[in-house]
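Engineer: my questions are about this predicted structure, shown below with the sequence.
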Amino acid sequence: MKNKMPKGFFWGNSTSSMQTEGGWNEGGKGQSVYDVDTAGRTAKNWQITIDNFHGYRHDFDLMKEMNMNMYRFQISWSRVVPDGDGDFNEQGIAFYSEMIDELLSRGIEPMICLYHFDMPLVLAEKYNGFLSRAVEEAFVRFGKEMMRRFSSRVKYWIVFNEHNLYFAEGFEHYSGVLKKELTVNDCYTVFHHTMLAHCELADFLHEISDAKIGGMLATTEVYPASTSPKDSLYLRKFDEFYNRNLCDVYAFGHYSDEVLTFIRNHKIEMDFQKGDELILERGISDFISFSYYRSVLLDATTLTDEDVPNFYLSKAMKLNPLLSHNQWGWSIDPEGFRRILNRIYHEFGLPVFPIENGIGQDESWDGEHEIEDDVRINYHKEHIEAMKNAMFLDGVDIIGYLGWGLIDIPASGGNIDKRYGAVYVEPETLKRVPKKSFHWFKKVFGSNGDEF
Ligand code: BG6
């Protein structure tokens, strides 16, 4: 007998506010680091993007037509609290409240993410973002208010998008840190502050509602580059610091012993104050979510015990010659996806939720013919099959599957040549044009994963 996906399994789309909304200076919104160039990003596209600020209803209709039953979006902190820690902007709150109603009226369950790299500019300039405990407190205040307002209608919550990236090398601006030379102490301080915020909000949500909250990781499956024991030794350590340490908090309410040993041995100051332990203990998550796009190799030849494990990948990453890659060098590895689902679920025991998956392609529309994005169809097909194997052959408890940017949005660098969507968005007119994959997703989602 054919295995059936559970009733109520979620299929849907996932985005961030700065890649979707536009309306950067409307509706009382304050500026975020994405509205200026201070974070070192390509800023020219952040002001309009796909203009969901004005046109989200049409996109929700398209999602409904694709048979989606979940949409993960982000509440932009600076739209709701323009200067980050001052008055709430009721216009901004009303915008999200209406969005939630529009989703629910179409049978689409909303999932809210509270932070996706777009720190309010004032807080970045004044305090260097999450390096400061004052910013952590301001964020918790914002998060709690959103939970008070929306948790009766929104049952799935994420605090930080790709939480493990904020203290990996090269991603400092994700936590609103504008300071150039970040020390190891700084990285661990950001780590600790964001973890406290996650746990305080998880605890609060559980106190006031029956809604569920998840941790969220950027997972890139990593394999040893060779059979050398050193590659495996360093890879295990990398995983402990980069992934498992966060899962330990989400699932068990404490940091990993191995990471704490490193912190003690290196005399790292991370602003751990009296009472913080209790906050971590009380903030257990209900599920672990993650983004997954690709896998890479770790070649430990140049690594030593002096290197900080969180930063190994930026020194020792290699591409896997056995896999095919898209034009940005991102490999296609559905088995890596199955491995991640298994590793997180079987090691930490919480239901897992892949909430970002997809492949970036450079596409353009000739104004007449449908875009034939078979590469995308194959990518999702293979990943959904891998997920079903994880579920039915390996016993993994999976809540749903969300594709990233299934209506085209700018990529994380602001560029629009890397598209993930099943719906093409024309750069000048912002016209929506379904691609071939649109019909494929409609069939897969509509049959609850039965028909490919
Ligand atoms: C995730 C981010 O890392 O990957 C998104 O949450 C991002 O913001 C997505 O857009 C895909 O990455 P990229 O660089 O191809 O846009």
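Structural biologist: Okay, I see it. Residues are numbered from 1 along each chain as shown.

Engineer: next up, the contacts around the closest residue to the ligand within the stretch 201-350 of the chain.
Structural biologist: Going by C-beta to the nearest ligand atom, the ligand is nearest to Ser291 of the stretch 201-350 of the chain, at 5.0 Å. For glycine as for every other residue, the C-beta is placed from the backbone atoms N, C-alpha and C. Ser291 makes contact with Asn161, Glu162, Met216, Leu217, Ala218, Thr219, Pro354, Ile355, Glu356, Asn357, Trp404 under the criterion C-beta atoms under 8 Å, 6 or more residues apart in numbering.

Engineer: in which helix or strand does it reside?
Structural biologist: According to DSSP states H and E, Ser291 maps onto strand 287-298.

Engineer: same for the worst-scoring helix or strand of the chain on mean pLDDT, what does it pack against?
Structural biologist: When each helix and strand of the chain is scored by mean pLDDT, DSSP states H and E, helix 312-316 comes last, with a mean of 93. For helix 312-316, the packing partners by 3 or more C-beta pairs under 8 Å, 6 or more residues apart in numbering; DSSP states H and E come out as helix 229-239, strand 287-298.

Engineer: let's see that with 6 Å instead.
Structural biologist: Contact partners of helix 312-316 among helices and strands, from 3 or more C-beta pairs under 6 Å, 6 or more residues apart in numbering; DSSP states H and E: none.

Engineer: show me where pLDDT drops low in the protein?
Structural biologist: Within the chain, the segments meeting pLDDT under 70 span 1, 37-45, 180.

Engineer: what is the neighbour count of Ser447?
Structural biologist: Neighbour count of Ser447, defined by other C-beta atoms under 10 Å: 12.

Engineer: please determine how far the nearest residue to the residue of the stretch 201-350 of the chain closest to the ligand once chain neighbours are set aside is located from the ligand.
Structural biologist: Spatially, and ignoring its direct neighbours in sequence, Ser291 is nearest to Glu356 (3.4 Å; C-beta to C-beta, 6 or more residues apart in numbering). Using C-beta to the nearest ligand atom, to the nearest Å, we find Glu356 at a distance of 6 Å from the ligand.

Engineer: so what's the residue count around Glu370?
Structural biologist: Per other C-beta under 10 Å, the neighbour tally for Glu370 reads 15.

Engineer: again, but for Glu426
Structural biologist: A count of neighbours around Glu426, defined by other C-beta under 10 Å, yields 13.

Engineer: for the stretch 101-250 of the chain, what spans make up the strands?
Structural biologist: Counting by DSSP state E, counting those that start in this stretch, one finds strands in the stretch 101-250 of the chain at the ranges 109-115, 156-160, 212-224.

Engineer: can I get those strands in JSON lines including mean neighbour count and distance to Phe337?
Structural biologist: Formatted as JSON lines, these follow (neighbours: other C-beta atoms under 10 Å; distance: least, C-beta to C-beta, whole Å):
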{"stretch": "strand 109-115", "mean neighbour count": "24", "distance to Phe337": "20"}
{"stretch": "strand 156-160", "mean neighbour count": "26", "distance to Phe337": "19"}
{"stretch": "strand 212-224", "mean neighbour count": "23", "distance to Phe337": "7"}
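
Engineer: now these in JSON lines, with distance to Glu281?
Structural biologist: Converted to JSON lines, the strands of the stretch 101-250 of the chain look like this (distance: least, C-beta to C-beta, whole Å):
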{"stretch": "strand 109-115", "distance to Glu281": "21"}
{"stretch": "strand 156-160", "distance to Glu281": "17"}
{"stretch": "strand 212-224", "distance to Glu281": "15"}
